[in-house]
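# Could you work out the structure for the sequence below:
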Amino acid sequence: MTGAPNDRGTWRNSYDVADPRAQVASVYWDTTPKNENALRFFDTFTKTVARYSAHKRENGKQLPISMNAKAVLEALFSVMDGKTGRCDPCLDTLAKRSGLARRTVVRQLQTLREANIINWVRRTVATGNTKGYGPQRQQTSNAYFIDLVKLPIEIIRTLRQKLGDKLREKVRH
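Numbering: from 1, shown residues only. Prediction:
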């Protein structure tokens, strides 16, 4: 799905921001006026991912989820809307929040995606150009989300144990 841009200048498998397929925000915590449960979820999730990475590490090899990947995950959570779960920062925002180079952010996002920690949907917006006078669509920021169904079972178990009834699950394990 990450491939060369198509002939219109947008990536394949990109959806308009208003398209239902681009509406991926989910809330996995009970919302409160102060977002206390969202903050607890973010903190617990980040710590659980770090512990999972250490558990999966093979002797003599690097952590599967590096400190840079953890910094990108924390940057994603820092811009996520605690009430709606919406998370659609641009790469430059993630780079600034994580203190990493843009290219490093892209690589670490891919690492997190391959580990089934996060996922995203590519999105586009209309340019407003008259037909025949430039591209009709352009890329905009991705919409990032956590897919609890694809998360490693070890992470799900820890989240259930730590968050209990604060975790609103849609998981069938």
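
# Thr124 - that's part of a strand, no?
Yes. Assigned with DSSP: H, G, I helix; E, B strand; the rest coil, Thr124 falls within a strand.

# what's the burial count for it?
Neighbourhood size, Thr124 [other C-beta atoms under 10 Å]: 21. Yep, even glycine has a C-beta here, placed from its N, CA and C like the rest.

# show me what contacts it?
Residues near Thr124 by C-beta atoms under 8 Å, 6 or more residues apart in numbering: 10, 14-17, 137-140.

# Could you tell me which of these belong to strands?
14-16, 137-140 (DSSP state E).

# Selection in PyMOL covering whichever of these are buried, please.
Restricted to buried positions by 16 or more other C-beta atoms under 10 Å, the PyMOL selection for those reads:
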select buried, resi 14+15+138+140
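
# and which of the ones in strands among the contacts of Thr124 is nearest to Ala75?
Distances from Ala75 to the ones in strands among the contacts of Thr124, taken as C-beta to C-beta, are shortest for Thr140 (18.3 Å).

# Quick check: beta-bridge partners of the closest one?
Arg123 (DSSP bridges).

# Just confirm it contacts Val125, I think it does.
Yes. Between Thr140 and Val125 there is a contact at 4.7 Å, judged by C-beta atoms under 8 Å.

# Find residues that contact each of those two.
In contact with both Thr140 and Val125: Val17, using C-beta under 8 Å, 6+ apart.

# excluding its backbone neighbours, what's nearest Ala50?
With sequence-adjacent residues excluded and distances taken as C-beta to C-beta, 6 or more residues apart in numbering, Ala50 is closest to Lys70, at 5.9 Å.

# a helix runs through that neighbour, doesn't it?
Yes. Under three-state DSSP, Lys70 sits within a helix.
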